[in-house]
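*Asks:* Got a sequence here, can you build the structure:
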Amino acid sequence: MLSVSKTDPSLALLTAVEHLKANNVNINITFGDKTSFTVGSITLTSHNAILRHLGRLAKSSVYGPDPLSLTEVDHWIDFSSSQLSHKHTKEELRATLGEVEQHMQRRTYLCGNSGFTLADFAAYAALDGHREWSSLKASFPSVSRWSDLCAADACFKAAAATLATNQVQVQHKKQEDQGKFIELPGAVEGKVLTRFPPEASGYLHIGHAKAALLNEYFAKFYKGKLLMRFDDTNPAKESSEFEKVILEDLELLKIKPDIFNHTSDHFDLIMSYCEQLLKEGKAYADDTPADQMADTRLKRQPSKNRDKPVAESLAAWENMKQGKGTQYCIRAKIDYASENGAMRDPVIYRCKPEPHVRTGTKYKVYPTYDFACPIIDSVDGVTHALRTVEYHERDAQYYWICDALKIRKPQIWDYSRLGMVYTTMSKRQLTWFVENRKVDGWSDPRFPTVRGVLRHGLTVEALRKYVIGLGSSKNNNLMEWDKIWAVNKKVIDPVAPRYTALAAEELVSCSVVNVSTVQKISVQLHPKNPDVGTKEVVLSPKIHLEAADVQLMSEGEKITLMDWGNAIVKKISRDGSKITGVEVEVHPDDKDYRGTNKYTWLPDCDDEKLVSIKTCEFDHLITVLNVPKGEDLQQFVREKTKYETNMMGVAALASLQRGQIIQINRKGFYICDVEHNPLLGRELTLFFVPDGHQRTLGAEAAPAASADQLKKAQDELLAQEAVVVEMKRTGADKDAIRAAESRAKDLREAFKALGGTVSDTKKSKKGKDTQNTAAPAAAA
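*Replies:* The predicted model follows:
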C-alpha cells in the first residue's frame, strides 16, 4: 500500500504508479499525512527509495535495461532531488539547467532514446515544482522539448490530474535562506522602524555588519524604515574621518538607510530630561572618585551623595554645564542594592570640557550611551531596538529610563553577537597589527573588517545570506569561517567565469603529435551558465602541462584535456626522477569521457601571450580560537600568514578588473586585487577565495608524493566512493552508510594531503556513472 502525503505529494511517485498501471501492475494508493510504502516488514519513507522500489516492480525497462543504465537512472534521481530542488535560487537553477541542456542535446529522454525511465519521472516532477522553471524554460530548448514531451504523455497527465484532485494547498510564508527567526513582537507592517547606531571611532567589522544587516532585514521585511544614527556621545572618541569611513562601509554593504541623524542632534533635549530627573529626585550629582564608586557599586553600598538635597545636585549640575564640575557626574537613583549591576545607580551624565567634532565647545556635559539611547530611540520613533545579548542586563535600565521620563518604550529584541574563530574583533588589538605592520592596513584581507572580508572575496550577498541564516539565535558562540565561505561559494560558483593557469615553476612541455597548426575555438566561460559568455581557446602543437599532473599519467592512458578533448599519452620522457617532456595524441572525435582524468593545460605558441600571475593565500592572524581576556596578544600572533605562488595563465586574464571573482580551473576561486598593467610595472595579483574546505599552508604542507603513491591513494578513494554509491542504491543500513562515508572522507583527506586533486576523482567517478557526450568543459 502506497500512502501519499496530501500536503507534500510526489508527482514522480504518482507518475511511476500510472506507468505501472499501464503495464498491468496495480498499486493501491491512499492520501494521508505522510508518504510511505510498506514492503513486508519494512516501511520506506524516502521518496527516492519508494520510487526505486516501484521501478523494480515494473515489467518494463523503466529502471534501465542493464546495470550501466540502472546506475545512470540512479544518478538522475539523486541529481533531481538535490540539484533541481525548489530550494535553489533562480541563478542556481539556471546553472544546473545549463548542464542538463548539454546532456539533452542528443537525447530524447534523460537516459538515452528508448523511452521514459524513473529518471524522467524524478526530473520532471522536480522542475514542475520549481517556481522559476517557467521563466527559464525558453532559455533551454533541449530541456524544454523534453519537458513538453513528458507533459504530453498519458502517464504524466494522469499523475498531474491525481495530484490536482488530492493535494491540500498549504500556504507557506517562505523566506529564502532564513534561519529560525521569530517575528518581532508587536511589529505592524508599514510601521516598523529599526536603527543602526555605530560609534564613529573605527572601521566596521563583520560583527557590526551583522547588526546593520539584521536591522535592514527587519525594516524591509515589515515594509518599514531603517534609521542610521551616529552615537557621538563621547567627544574623545568621535572622528569625522571615521564617520566617512563608516558611511563608505555601509555603501560597500549596499545598505541604504531611510533616515540619518546623530545623537548630538538631540543634546538639548537629553539635557532637559536629565534636569527633569534631578528635579524629581530620580537622579543626583556625585563626586565620588571613579575607583571608589566602582567599589561601592560592587559592594552594593549607597553613595554618600545619594540622598543630598535636590538643590545641591542642581547646583552641581549647573557647574558641570559650565565645565567647572569635572569631578562630578550625574547618577540615576534606581537601586544601589540590585542584583542587576546595571541598576545600581548608573552614571547618566559626565563633565567633559573637550570640544566635540560636531558641536565644538557648546556643551561641557555629555550623556552616556545608556541614557541617551532609550530617549533618542523613543523620540525618533524607533519601534524595535535590536541589541546583542551582552546588553541584556541593561534592558531593565533602558525601560526604567523610559518609565521615569514617561516616554514611549520601544521593544528590545536581543540577538547573538557575531564572533569568529582565530579572529580578534578588538579595535585595540587590530590597531596593534596595523601599527606593527603585520598587515597592509584596515582593508587587509586577513582582517575581519568589512573592507577586509570583501577584499578577500566574500560577497555582500553571501554575508547577507549568512547573517539571515543565523536566525534569532542568542548563543554567543564563536562561528567557523568555513561556514560563511561555503555560503559564499554557493553565490559565486554559478556565475564566476572559468580560466586556466598553471604553477609557473612546474611547467612541463608537451607535444601534441597529431596537430601541426594553431587553431582557435570558442568555449563557454562557465560550463553550466551560458549567460556568463564565451572565451577563445587556442589549440596549438605545443602545450604546457603541470608537473604534478604528469606524475599521475601513464603511457597509453586516455586522458581528457579540458576545453579540448580526449587524448592518448604516447610518451613521458624523464631524466632520472624529473619529467622533461610529454607527447600526447588528441582524439577530438572521441566523445566518451567516462573514467578519464581531466587535466588543464596552456598553449605554447605566439598566438597566446601568457600572463604572469602572483597569487596570494592567507592564514589566520592568531593561533588560538580567541585571545583569552587579559592575555598578551603578541604570544598568539601567527608568524607567517601570507603565502605567494607564481603562475602563468591564459591571455584573457590580462583583462581582469579589480574586485572581479573568477575560478582558475582545478585551483579554486580567486579575486583580482591588482590589475595586469605592464606599462606601470603591475603584475596581475589574485587572492585565493576560501570555499569552506580546509587547506594546508606553508611549512605545514606534506612533502611531495610519488606518482605511485598518488595513483594508489586515488584508486582507494574511487573504490570507497563507489562502495558508498552502491550502498545507497541498494538501501543499506544507515549506520553502515555513515561508516562508509566516513572512510571515504578519511581517504579523500589522505589523497589531498599527498597533493592529489580531489576534483579529478569526482570527475572520474561521475564519468563511470553516466555517459556525457557534451564537449569537455572546464571543471565547475
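
*Asks:* Specify which residues of the stretch 401-550 of the chain, grouped into ranges, have pLDDT under the cut-off.
*Replies:* Along the stretch 401-550 of the chain, segments meeting pLDDT under 70 span 472.

*Asks:* what about the helices in it?
*Replies:* When secondary structure is read from DSSP state H, counting those that start in this stretch, the stretch 401-550 of the chain shows helices at 427-435, 450-455, 460-469, 481-492, 547-551.

*Asks:* Tabulate the ones you listed (CSV), appending mean neighbour count.
*Replies:* For the C-beta atoms, the positions are set from N, CA and C on the backbone; glycine is no exception. Output for the helices of the stretch 401-550 of the chain, formatted as CSV (neighbours: other C-beta atoms under 10 Å):
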stretch, mean neighbour count
helix 427-435, 15
helix 450-455, 23
helix 460-469, 20
helix 481-492, 19
helix 547-551, 19
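
*Asks:* remind me, longest helix of the protein?
*Replies:* Criterion DSSP state H: the longest helix present in the chain is helix 707-729.

*Asks:* what about that one, average pLDDT?
*Replies:* pLDDT averaged over helix 707-729 equals 78, rounded to a whole number.

*Asks:* Stretch 344-353 too?
*Replies:* Rounded to a whole number, the mean pLDDT of stretch 344-353 is 96.

*Asks:* how about low-confidence regions in the stretch 251-400 of the chain?
*Replies:* For the stretch 251-400 of the chain (pLDDT under 70), the answer is none.

*Asks:* TSV for the helices of the stretch 401-550 of the chain, including distance to Glu189?
*Replies:* As requested, these are exported to TSV (distance: least, C-beta to C-beta, whole Å):
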stretch	distance to Glu189
helix 427-435	38
helix 450-455	30
helix 460-469	19
helix 481-492	28
helix 547-551	58
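
*Asks:* of those, which approaches Gly681 most closely?
*Replies:* For these, proximity to Gly681 was assessed by C-beta to C-beta; helix 450-455 is nearest, at 21.5 Å.

*Asks:* just checking, what packs against that closest one?
*Replies:* Under the contact definition 3 or more C-beta pairs under 8 Å, 6 or more residues apart in numbering; DSSP states H and E, helix 450-455 sits against helix 206-221, helix 240-252.

*Asks:* Buried ones in the longest one, by neighbour count?
*Replies:* In other words, helix 206-221. Residues 206-219, 221 are the ones in helix 206-221 that count as buried (16 or more other C-beta atoms under 10 Å).

*Asks:* And the residue nearest the centre of this protein?
*Replies:* Note on the chain: the residue nearest the mean C-alpha position is Val487, at 1.9 Å, using C-alpha atoms, centre = their mean.

*Asks:* Hmm, it is touching Val467, no?
*Replies:* No. Between Val487 and Val467 no contact is recorded; they are 9.8 Å apart, counting by C-beta atoms under 8 Å.

*Asks:* Who are the contact partners of the closest residue to Cys351 other than its chain neighbours?
*Replies:* Counting by C-beta to C-beta, 6 or more residues apart in numbering, Met320 is the residue found nearest to Cys351 once chain neighbours are left out, at 4.3 Å. For Met320, the residues meeting the contact criterion (C-beta atoms under 8 Å, 6 or more residues apart in numbering) are Ala285, Thr326, Tyr328, Ile330, Tyr349, Cys351, Lys364, Val365.

*Asks:* for Met320, helix, strand, or coil?
*Replies:* Three-state assignment for Met320 (DSSP: H, G, I helix; E, B strand; the rest coil): helix.

*Asks:* Please report how far it lies from Glu280.
*Replies:* Met320 sits at a distance of 18 Å from Glu280 (criterion: C-beta to C-beta, to the nearest Å).

*Asks:* got the contact list for the residue nearest to the centre of the chain?
*Replies:* Each residue near Val487 by C-beta under 8 Å, 6+ apart is listed here: Ala462, Lys465, Tyr466, Gly469.
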